[in-house]
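Undergrad: kindly return the folded structure for what I paste below:
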Amino acid sequence: MILTTERLVLREFEDHDWRATLAYQVDPEYLRFYPWSYRTEMDVRAFVHMFIDWSKERPRKKYQVAITLRENNQLIGNCGIRMNQSYAQIAEIGYELDRRFWGQGYATEAASAMLSFGFEQLHLHRIWAYCIAENTASARVLEKIGMQYEGRQRESEWMKGQWWDTRLYAVLEREWREQLKARSRQVIYHQ
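TA: Down below sits the predicted model:
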């Protein structure tokens with residue numbers, strides 16, 4: 001699977017991708033909202049191989065792909081959509097990005113492409129996501145791609161020796177299509 005956006009190529013993971021993944025996953029700022037306190041080469045190799053194994057499953061139910069820059073093929077993160085069963089009409093979306101590329105719209109661009117893939121290719125009815133409540137940047141990405149805030153789940157995630165609240169978001173296929181129509185109707189006139 002390959003998805004192309006204005007600035008990105010979302011592609012299947014390859015064995016050698018562990019190096020670029022490890023480079024950003026050892027960053028303490030990246031680790032802040034993840035259950036890990038540190039990452040090793042062995043951890044990240046297993047992480048990447050899990051995604052490669054998912055890509056070989058038939059029928060396929062999990063699509064976790066590398067986010068790379070179109071201009072130079074540099075891996076800057078990953079994004080995915082995951083169903084519990086291949087025939088499910090509901091899936092979870094998730095993404096992570098190298099901190100050096102935060103705040104530039106890449107997560108929004110990748111997640112938006114995965115939403116399109118989920119609704120257009122997988123024919124999903126509902127796509128949902130959650131983030132740690134304190135991770136406001138991730139919450140903003142979910143809002144930018146048109147997901148609606150459905151509520152706060154109090155102390156729903158145990159990580160790093162404490163309970164964390166999470167924020168739940170979702171978008172239905174019909175809502176997503178309406179958002180697409182609304183954006184296509186927005187015309188800017190220049191004189």
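Undergrad: part of a strand, is Asp17?
TA: No - Asp17 is assigned helix when assessed by DSSP: H, G, I helix; E, B strand; the rest coil, not a strand.
Undergrad: in contact with it, which residues?
TA: Shown in contact with Asp17 (CB atoms under 8 Å, 6 or more residues apart in numbering): 48, 66, 75. Yep, even glycine has a C-beta here, placed from its N, CA and C like the rest.
Undergrad: give me that answer again for 10 Å
TA: Contact partners of Asp17, counting by CB atoms under 10 Å, 6 or more residues apart in numbering, are 11, 44-45, 47-49, 51-52, 66, 68, 75, 78.
Undergrad: next one: Arg82
TA: Arg82 neighbours (CB under 10 Å, 6+ apart): 54, 61-64, 88, 91-94, 118.
Undergrad: residues near Leu10, how many?
TA: Counted with other CB atoms under 10 Å, residues neighbouring Leu10 total 24.
Undergrad: show me where the protein has its strands.
TA: Taking DSSP state E, the strands of the chain run over residues 2-4, 8-11, 62-69, 75-82, 90-97, 126-132, 148-159, 162-172.
Undergrad: show the contacting residues for the closest residue to Ser55 other than its chain neighbours.
TA: Closest residue in space to Ser55, ignoring its immediate chain neighbours: Glu12 at 5.0 Å, by CB to CB, 6 or more residues apart in numbering. Taking CB under 10 Å, 6+ apart, we find Glu12 in contact with 1-2, 51-52, 54-56, 63-66.
Undergrad: mind saving the C-alpha coords of the helix or strand of the chain with the lowest mean pLDDT as PDB?
TA: Every helix and strand in the chain was compared by mean pLDDT, DSSP states H and E; the lowest is helix 173-185, with a mean of 88. Coordinates of each C-alpha in helix 173-185 appear next as PDB, following Å, rounded to 0.1, in the frame of the first residue of the first chain:
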ATOM      1  CA  GLU A 173     -18.300   8.200   7.200                       C
ATOM      2  CA  ARG A 174     -21.300  10.500   6.400                       C
ATOM      3  CA  GLU A 175     -19.800  13.300   8.500                       C
ATOM      4  CA  TRP A 176     -16.500  12.900   6.800                       C
ATOM      5  CA  ARG A 177     -18.200  13.100   3.300                       C
ATOM      6  CA  GLU A 178     -20.100  16.200   4.400                       C
ATOM      7  CA  GLN A 179     -16.800  17.800   5.500                       C
ATOM      8  CA  LEU A 180     -15.300  17.000   2.100                       C
ATOM      9  CA  LYS A 181     -18.300  18.600   0.300                       C
ATOM     10  CA  ALA A 182     -18.000  21.700   2.500                       C
ATOM     11  CA  ARG A 183     -14.300  22.100   1.800                       C
ATOM     12  CA  SER A 184     -14.800  21.700  -2.000                       C
ATOM     13  CA  ARG A 185     -17.500  24.500  -1.900                       C
END
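Undergrad: which residues touch it?
TA: Taking CB under 10 Å, 6+ apart as the rule, helix 173-185 contacts 89, 112, 115-116, 118-120, 123-127, 145-148, 171-172.
Undergrad: I appreciate the help and will end here.
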